[in-house]
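*Asks:* Build the 3D model from these lines:
(chains A, B, C and D)
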2 protein chains.
Amino acid sequence: MTTAPLKSDHRFPPIRKVPAYLKVRDAIEAEILAGRLAEGAFLPTESDLCTQLDVNRSTVREGIRLLETSGLVERGAGKRLRVRRPGTGDVALSTSRALTFSGVTVLQAWDALALFQPQMAASAATRFGPAEIKALEATHTRLTETPADDFENIVLYTDDFFACIAVGFDNPITTALLAALNRLTEAGLRQVVAAVPDARTRIITAQANLITALKKQDADTARLWMTRHIDDLRRGFDVAGLSMDTLIV
Amino acid sequence: MTTAPLKSDHRFPPIRKVPAYLKVRDAIEAEILAGRLAEGAFLPTESDLCTQLDVNRSTVREGIRLLETSGLVERGAGKRLRVRRPGTGDVALSTSRALTFSGVTVLQAWDALALFQPQMAASAATRFGPAEIKALEATHTRLTETPADDFENIVLYTDDFFACIAVGFDNPITTALLAALNRLTEAGLRQVVAAVPDARTRIITAQANLITALKKQDADTARLWMTRHIDDLRRGFDVAGLSMDTLIV
DNA sequence: ATAAGTCCTATTGTCCGACAATCGGATATC
DNA sequence: GATATCCGATTGTCGGACAATAGGACTTAT
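*Replies:* Numbering: from 1, shown residues only, chains lettered A, B, ... in the order given. You can find the predicted model right below:
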């Protein structure tokens, strides 16, 4: 006969009671992800959800609020909820917001950009067809036609150029992630463009050489010019007197 | 005297009345981001917020729910809300969730991985010091010591290896984004490891060669082996009979 | 017949008040 | 000093209520 151990080593699984409003979220989310609530379909009325889920309307509303941020449901003010599949724009926004909240610095954002963008440029050299290059040229042309003092549009088209490269891969993941990075660096770029007089021409030069390289399917040159482009941005930060350690707002 | 135009071209800015619960969220979020509510500080009681913001508690709660998903506040069940700065883990989770919701395929996730990871490996060759390489070796050793039928840990340590490379850059952005990608491919990797007998040894080989290259600061070889590693994963998908077009759940 | 006005209903946004559960701390007990 | 007990504060949930309005149906005017 075995004696009972002095110290029990039996492990109880932790008891976690999930609040009702979280269950509400999970229930609705599950229905959507399972496809039983198709995209564009209206969700039941809040009152209906109350009776179906057997909770109070306040609880239902709290659950819905949790879904609202993830972009799975769409709401017009005073209108019913509609199921929605978030697009790359939503992903980029939520990612950049999350990164901002977590407290990243300008340097970190630039570093990530410097890591990923040259590789994308190099890969683009072999993967881009005439259509993608045409899109790049269109954005580039818009930039060349922008007056040197129209900072806002210079920033816009510079970002667009980056975005075009990401979009050209026809992969929503790269598109979304690079768009998120662009969002993080956009404010810095705006200051650089405003503070550094020859920023615009340097950007135009880099873009032109990059496009040429892509046309020739010259991956190394494409990578090189993108690297120069990104490095230029960093020098711009210095010239504009921006500390790389400041948190991105 | 000019005649009034037949068709008015005056544009009114759209009137949007923001619901109170959104304002509540914005108010709290602003306080946090401005640093007036420091990390770790307790938020006022819901009742306090009611009086301060002059709205009903239900409204306050709805606003709080909106913040909850972004990880800016932390809540123990039945306990007060505490201000919190989301870490890379939170960013990775929210990003991978957002990508999942937006409906990405296994192919797209693999493609993104194939685009970014080799570049990270190449850059690691010049940027990693002894400490980072030591961490990689530790993970690698854990994998070699894992029995061939312990699929769960094989997947775990394989992911860890990728994560170590991202972490080595000491940049929360790359860490978070790559972790998000890992999350997306993890399920696929699990199936590959379970279905392809020599997956483990192939992974070990790739990792070993990669580490050797990093030690020699040989960027090209590092990139090469990472590329092989990722390509192997793709072949594994084929062997395991996984369609690359399936949506990631 | 199309456009504009009128009414009605359903639904959301917001409020009020209430109560059980429980967390944290103070207090009493051994 | 450690343990048990009590208590106030706070959250989670509930029920009901009401104003505002979006969306139709219906009528009217040009």
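
*Asks:* Please identify which residue in chain A comes closest to DNA strand D.
*Replies:* Per C-beta to the nearest atom of the strand, A:Ala20 is where chain A lies closest to DNA strand D, at 3.0 Å. Backbone N, C-alpha and C define where each C-beta goes, glycine included.

*Asks:* check contacts around that residue.
*Replies:* A:55, A:59, A:63 (C-beta atoms under 8 Å, 6 or more residues apart in numbering or on different chains).

*Asks:* same thing but 10 Å
*Replies:* A:53-56, A:58-60, A:62-63 (C-beta atoms under 10 Å, 6 or more residues apart in numbering or on different chains).

*Asks:* Which two of those residues have the greatest separation?
*Replies:* A:Asp54 and A:Glu62 (15.2 Å; C-beta to C-beta).

*Asks:* What score does the residue of chain A found nearest DNA strand C have for pLDDT?
*Replies:* The minimum distance from chain A to DNA strand C, using C-beta to the nearest atom of the strand, falls at A:Glu46 (3.5 Å). Among the per-residue scores, A:Glu46 holds a pLDDT of 94.

*Asks:* Also the one 5 residues further on?
*Replies:* Taken from the predicted model, the pLDDT recorded for A:Thr51 is 95.

*Asks:* Run a quick neighbour tally on it.
*Replies:* A:Thr51 has 10 neighbouring residues, counting by other C-beta atoms under 10 Å in any protein chain shown.

*Asks:* so which strand or helix has it?
*Replies:* helix A:46-53 (DSSP states H and E).

*Asks:* Is that helix positioned near chain B?
*Replies:* No. Against chain B, helix A:46-53 shows no contacts by C-beta under 10 Å from any C-beta of the partner chain, the least distance being 12.1 Å.

*Asks:* Helix B:57-70 and the following helix or strand past that helix, what's the angle between them?
*Replies:* Scanning forward in sequence from helix A:46-53 by DSSP H and E, the next helix or strand is helix A:57-70. Counting by axes from the mean of the first three to the mean of the last three C-alpha atoms, to 10 degrees, helix A:57-70 points 30 degrees away from the direction of helix B:57-70.

*Asks:* Name the residues of helix A:57-70 that come out as buried.
*Replies:* Residues of helix A:57-70 classed as buried by neighbour count (16 or more other C-beta atoms under 10 Å in any protein chain shown): A:58-70.

*Asks:* can you check stretch A:119-139 too?
*Replies:* Buried, per 16+ other C-beta under 10 Å, within stretch A:119-139: A:119-125, A:127-128, A:132-133, A:135-137, A:139.

*Asks:* repeat for stretch A:46-57
*Replies:* A:49-50, A:53, A:55.

*Asks:* ok, now stretch A:68-82?
*Replies:* In terms of neighbour count (16+ other C-beta under 10 Å), stretch A:68-82 has its buried residues at A:68-74, A:81.

*Asks:* For A:Ala180, grab the count of nearby residues.
*Replies:* By the criterion of other C-beta under 10 Å, A:Ala180 has 27 neighbours.

*Asks:* helix or strand for it, which one?
*Replies:* Per DSSP H and E, A:Ala180 falls inside helix A:172-195.

*Asks:* A:Ser94: what's it in contact with?
*Replies:* A:69-71, A:86, A:176, A:180, B:69-70, B:91, B:94-95, B:97-99, B:101-102.

*Asks:* Among these, name the ones that also lie close to DNA strand D.
*Replies:* Counting by C-beta under 7 Å from any atom of the strand, the subset of these that neighbours DNA strand D is empty.

*Asks:* which one of these is nearest A:Thr227?
*Replies:* Nearest to A:Thr227 out of these is A:Ala180 (C-beta to C-beta; 20.7 Å).

*Asks:* If I look at that closest one, what pLDDT would I see?
*Replies:* A:Ala180 carries a pLDDT value of 97.

*Asks:* Tell me the spacing between the residue sitting nearest the centre point of chain A and B:Gln117.
*Replies:* For chain A, the residue sitting closest to the mean C-alpha position, by C-alpha atoms, centre = their mean, is A:Ala92 at 1.8 Å. From A:Ala92 across to B:Gln117, the span is 21 Å (C-beta to C-beta, to the nearest Å).

*Asks:* repeat for A:Ala148
*Replies:* Separation of A:Ala148 from B:Gln117 (C-beta to C-beta) stands at 40 Å.

*Asks:* For A:Ala109, which non-adjacent residue is closest in space?
*Replies:* A:Leu184 (4.1 Å; C-beta to C-beta, 6 or more residues apart in numbering or on different chains).

*Asks:* where does chain A come near DNA strand C, residue by residue?
*Replies:* Counting by C-beta under 7 Å from any atom of the strand, the residues of chain A near DNA strand C are A:17, A:45-47, A:57-58, A:61, A:75, A:77-81.

*Asks:* Is chain B within reach of stretch A:168-177?
*Replies:* Yes. Stretch A:168-177 lies within reach of chain B by C-beta under 10 Å from any C-beta, at A:169-177.

*Asks:* Could you tell me the end-to-end distance of that stretch?
*Replies:* Using C-alpha to C-alpha, to the nearest Å, the end-to-end distance of stretch A:168-177 comes to 14 Å.

*Asks:* Could you list the buried residues of it?
*Replies:* A:168-169, A:171-177.

*Asks:* what's the model's confidence in that stretch, averaged?
*Replies:* Here stretch A:168-177 scores 96 as its mean pLDDT.

*Asks:* Please apply the same query to stretch A:149-161.
*Replies:* 95.

*Asks:* Let me see the contact set for A:Thr100.
*Replies:* A:Thr100 makes contact with A:109, A:180, A:183-184, A:247-249, B:33, B:86, B:91 under the criterion C-beta under 10 Å, 6+ apart.

*Asks:* and if you look at A:Asp160?
*Replies:* Contacts of A:Asp160 by C-beta under 10 Å, 6+ apart are A:135-136, A:138-140, A:142-143, A:153, A:167, A:182.

*Asks:* which intervals of chain A have sub-threshold pLDDT?
*Replies:* Across chain A, the ranges flagged by pLDDT under 70 are A:1-12, A:77-78.

*Asks:* residue boundaries of the helices in chain A?
*Replies:* Counting by DSSP state H, chain A has helices at residues A:20-33, A:46-53, A:57-70, A:88-102, A:106-127, A:130-144, A:151-168, A:172-195, A:199-215, A:219-239.

*Asks:* List just the one of the ones you listed that sits closest to B:Ala208.
*Replies:* Of all the helices of chain A, it is helix A:106-127 that lies closest to B:Ala208, at 24.1 Å by C-beta to C-beta.

*Asks:* quick one, what contacts A:Asp231?
*Replies:* Contacts for A:Asp231 (C-beta under 10 Å, 6+ apart) come out as A:110, A:114, A:118, A:206.

*Asks:* Now do it against A:Leu156, distance only.
*Replies:* Distance, A:Asp231 to A:Leu156, using C-beta to C-beta: 22 Å.

*Asks:* Also A:Glu62?
*Replies:* Separation of A:Glu62 from A:Leu156 (C-beta to C-beta): 39 Å.

*Asks:* Surely A:Ala176 and A:Ala166 touch.
*Replies:* Yes. If you go by C-beta atoms under 10 Å, A:Ala176 and A:Ala166 touch, sitting 8.4 Å apart.

*Asks:* Mutual contacts of those two, please.
*Replies:* A:88, A:92.

*Asks:* how close does A:Met226 sit to A:Val55?
*Replies:* Counting by C-beta to C-beta, the separation of A:Met226 from A:Val55 is 53 Å.
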